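**Q** quick one: sequence and predicted model below, then my questions.
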Amino acid sequence: AQTVTQSQPEMSVQEAETVTLSCTYDTSESDYYLFWYKQPPSRQMILVIRQEAYKQQNATENRFSVNFQKAAKSFSLKISDSQLGDAAMYFCAYRSYSNYQLIWGAGTKLIIKP
Amino acid sequence: DAGVIQSPRHEVTEMGQEVTLRCKPISGHNSLFWYRQTMMRGLELLIYFNNNVPIDDSGMPEDRFSAKMPNASFSTLKIQPSEPRDSAVYFCASSLSGGPTDTQYFGPGTRLTVL
């Protein structure tokens, strides 16, 4: 069975600096998708970024980028120029190509220090 | 475009009462998911609909929980009778087709408190 591990329950960063959130996963499949979702205090789950496993190029969305290491089964999220609005829980999720189910990590709470 | 709409945003009820949570998926989306989020268990998939048909309800905790999708634009999750351990945030999410390239888009959630 697939699993997703986020080993950092909480991270903090100074405003305007860069922070990296870690995620590792375990799977025997070769085709899958990886996601980072953000959950601010409002509770809304917001898609931050998505990576297809067959793509070697790391996905980027403005200040958000990933470091996808398929062999190492690692999928970290880098947030550049951190802003106060980035404070939230961040969840890493895995989805098999052949299954609709998302497998979720436990989440990392990101604190932004002004 | 409007995102996934859920109502109510907050629900406080007493043990034994019936609770109905509502969801309107994004227009044009054919797949709908109900999740429950708690501190202890994280995000759990309760049930998945595709084209209004329940495909997988293995995550529904027990017979007190039921879900319906009478049409493509509306779904309900009902708990009867409710218990304090049902207190959680319930999310509805929708996606285009449920296919492998899909992304799930979440509603704002309903925070349920059962006293």
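**A** Great, that's in hand.

**Q** contacts and neighbour counts: CA atoms only from here.
**A** OK.

**Q** tell me which element the closest residue to chain B within chain A falls in.
**A** Scanning chain A for the residue nearest chain B gives A:Gln44, at 4.4 Å (criterion: Cα to the nearest Cα). Here A:Gln44 is covered by no helix or strand, with elements defined by DSSP states H and E.

**Q** tell me the confidence at it?
**A** We have a pLDDT of 86 for A:Gln44.

**Q** quick one: the residue most central in space within chain A from B:Glu83, how far?
**A** Central residue of chain A (Cα atoms, centre = their mean): A:Trp36, 3.4 Å from the mean position. The gap separating A:Trp36 from B:Glu83 is 32 Å, by Cα to Cα, to the nearest Å.

**Q** what does B:Asp57 give?
**A** 20 Å.

**Q** what of A:Arg50?
**A** A:Arg50 is 37 Å from B:Glu83, by Cα to Cα.

**Q** pick out whichever of these two has more residues nearby.
**A** Just comparing A:Arg50 and B:Glu83: by other Cα atoms under 10 Å in any protein chain shown the higher neighbour count belongs to A:Arg50, 21 against 18.

**Q** for chain B, which residue gets nearest to chain A?
**A** Closest residue of chain B to chain A, Cα to the nearest Cα: B:Pro108 (4.4 Å).

**Q** spit out the contact partners of that residue.
**A** Counting by Cα atoms under 8 Å, 6 or more residues apart in numbering or on different chains, B:Pro108 makes contact with A:Ser42, A:Arg43, A:Gln44, A:Met45, B:Val4, B:Ile5, B:Gln6, B:Arg9, B:Phe91.

**Q** scan those residues and report the most crowded one.
**A** B:Phe91 (29 neighbours).

**Q** so what's residue 13 bridging to?
**A** By default, I'm working from chain A. A:Ile112 (DSSP bridges).

**Q** let's do chain B instead
**A** Beta-bridge partners of B:Thr13, as defined by DSSP bridges: B:Val114.

**Q** what about it, how many residues nearby?
**A** By other Cα under 10 Å, neighbour count at B:Thr13 equals 16.

**Q** list the contacts for it?
**A** Here B:Thr13 is in contact with B:Val19, B:Leu112, B:Thr113, B:Val114, B:Leu115 (criterion: Cα under 8 Å, 6+ apart).

**Q** which residue is the nearest non-sequential neighbour of the first one?
**A** Among residues not flanking B:Val19 along the chain, B:Ile79 sits closest, at 5.2 Å (Cα to Cα, 6 or more residues apart in numbering or on different chains).

**Q** if we can go back for a sec, between the contacts of B:Pro108, which is nearest A:Asp31?
**A** The nearest member of these to A:Asp31, counting by Cα to Cα, is A:Met45 at 24.4 Å.

**Q** around chain A, pick out the residues from chain B.
**A** With Cα under 8 Å from any Cα of the partner chain as the criterion, chain B comes near chain A at residues B:Gly42, B:Leu43, B:Leu45, B:Gly98, B:Gly99, B:Pro100, B:Thr101, B:Tyr105, B:Phe106, B:Gly107, B:Pro108, B:Gly109.

**Q** of those residues, select the buried ones using a ChimeraX command.
**A** Of these, the buried ones go into a single ChimeraX selection, burial set by 16 or more other Cα atoms under 10 Å in any protein chain shown:
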select /B:43,45,98,100,101,105,106,107,108,109
